[in-house]
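>>> Quick one, what's the 3D model for this:
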Amino acid sequence: MRLAFRFFPAALLASTSALLVSSASAQSPRSVAASPAQILAPPAGYHFPAGTILGYKAEWRFFSAGVASIQLQGDGVTSRITGIANATGFVARLYHVHDVFDSAFDLRTFCSQQIHKQTEEGSRRRDVVIRFDYSRSQAVVDEFNPRNGERKRFENAIPDCAADVLTALFYAATLPLTAGSVYRFPVNDGGKTGEIEVTVEAREQIHTDAGAFNTIRVAASGSELVRHKGKIWVWFSDDTQRIPVQMRGRMGWGTLTLSLTGIEKQPATAAK
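This is a model prediction of the structure:
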C-alpha cells in the first residue's frame, strides 16, 4: 500500500503515489528525454482541483488489499495534498499498514515546501518531516521512531526546485502529455534527489466503481521512485481535470492496483 504514495509511489506516482500526471497545454513540451530534469511553473490557466477528495480501493493478487484517499486543499498560493492508505481484510491480517502523508507546495512554482509522513507498516513506525530549504539548497529531514524514542536529523542536496512523492503526481498533471513524449523532473523523498522519467504510452478506456473514463496511460520510472526493479503506471482522465483514475505497480512481490471509487467535492480550505 505504500505504493500509493510513491508514484509517483509518487504517486503517484512513485512507488506511488505511485503516485502522476497530465493536463493539456498550448505550450510546447517543457521536459523531454534529452532535456535536463527540471520543474517549471504550471501553464497559464492551470486549475488545481482544491476541495476534492479522491477515494480508491486497492487489489493485490485478486485480494482486496486496502483503501486510500487523496484530499486536495489550497488557497491559491500554498496548496496541500493529504494521502491516507490503510490495508484491510486478509492483507491487513498479514501486514498492517496505516500511512498518512501530508504535503505542502507553492502552487505558483510547484516546488515542494514540506512533506510530513507518518507510517505504520508491519512492526515499523516512523514519523518523518522533510523541509525543502531552497535558500541553502538542502532538504532537512527530521525522523522520529516512536517505538524507541530515537530522533535523527540529516540534510541532503536539492536543486532549485524539487517535488516530493505526492506533489509529483499533480505536477505531472500540468504537463502537455502528448503521445510518445518523455518528461523528466527531480523528486526528493528524504534521501538523495532522484530523477523521475514519465513516458506517455497510450489512450485507454477504464471502468472503475466511479464510472467509465477515457484515460491517458503513462509509465513512471526512476531510481528514487521505483525500487526493486519495479514499474509504475498511472491512468489519468483524458479531460481538463486529469484525475488519476487508476494506478498500478508491478514489483517483485506482485502487482498492486488502485482504482477510483469516488470523487467528493468540498469547499476549498486554506492550507495552514
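>>> ok, and what's touching the helix or strand that contains residue 102?
Taking DSSP states H and E as the criterion, residue 102 maps to strand 97-106. Contacts of strand 97-106 with the rest of the structure, by C-beta atoms under 8 Å, 6 or more residues apart in numbering, involve 1-2, 4-5, 66, 77-87, 111-122, 163-167, 271. In this view, the C-beta of every residue, glycine as well, is placed from N, C-alpha and C.
>>> So which of those belong to strands?
Within these, residues falling in strands by DSSP state E are 66, 78-87, 111-121.
>>> Who does the strand holding residue 102 pair with, and is each partner parallel or antiparallel?
strand 78-87 (antiparallel), strand 111-121 (antiparallel) (DSSP bridges).
>>> Output the shortest one as CSV, nothing but the C-alphas.
Which is strand 78-87. The C-alpha coordinates for strand 78-87 follow below in CSV (Å, rounded to 0.1, in the frame of the first residue of the first chain):
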residue,chain,number,x,y,z
THR,A,78,0.1,27.4,-0.9
SER,A,79,-1.6,24.1,-1.6
ARG,A,80,-1.8,20.9,0.3
ILE,A,81,-2.2,17.2,-0.6
THR,A,82,-3.0,14.7,2.0
GLY,A,83,-2.8,11.0,1.2
ILE,A,84,-4.0,8.2,3.6
ALA,A,85,-3.6,4.5,2.9
ASN,A,86,-4.9,1.6,5.1
ALA,A,87,-4.6,-2.2,4.5
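>>> Give me the packing partners of the helix or strand following it, helices and strands only.
Sequence-wise, the next helix or strand downstream of strand 78-87 (DSSP H and E) is helix 89-94. Helices and strands touching helix 89-94, by 3 or more C-beta pairs under 8 Å, 6 or more residues apart in numbering; DSSP states H and E, are strand 63-74.
>>> give me that answer again for 10 Å
The contact analysis (3 or more C-beta pairs under 10 Å, 6 or more residues apart in numbering; DSSP states H and E) places helix 89-94 against strand 52-60, strand 63-74, strand 78-87.
>>> Return the set of buried residues in that helix.
Neighbour-count burial for helix 89-94 flags 91-92 (criterion: 16 or more other C-beta atoms under 10 Å).
>>> about what we covered before: list buried residues within the contacts of strand 97-106.
By 16+ other C-beta under 10 Å, these give 1-2, 4-5, 66, 78-87, 111-121, 163-167, 271 as buried.
>>> what's the weakest-modelled helix or strand in this structure?
Across the helices and strands of the chain, the lowest-confidence element by mean pLDDT, DSSP states H and E is helix 89-94, at a mean of 82.
>>> and it, how far out from the chain's middle?
Relative to the centre of its chain, helix 89-94 is centred 24 Å away, using C-alpha atoms, centre = their mean, to the nearest Å.
>>> Please apply the same query to stretch 255-268.
With C-alpha atoms, centre = their mean as the basis, the mean position of stretch 255-268 lies at 13 Å from the chain mean.
>>> For that stretch, buried residues please.
Neighbour counts over stretch 255-268 (16+ other C-beta under 10 Å) mark 256-260, 263, 268 as buried.
>>> can you check stretch 149-165 too?
Those would be 158-159, 161-165, for stretch 149-165 by 16+ other C-beta under 10 Å.
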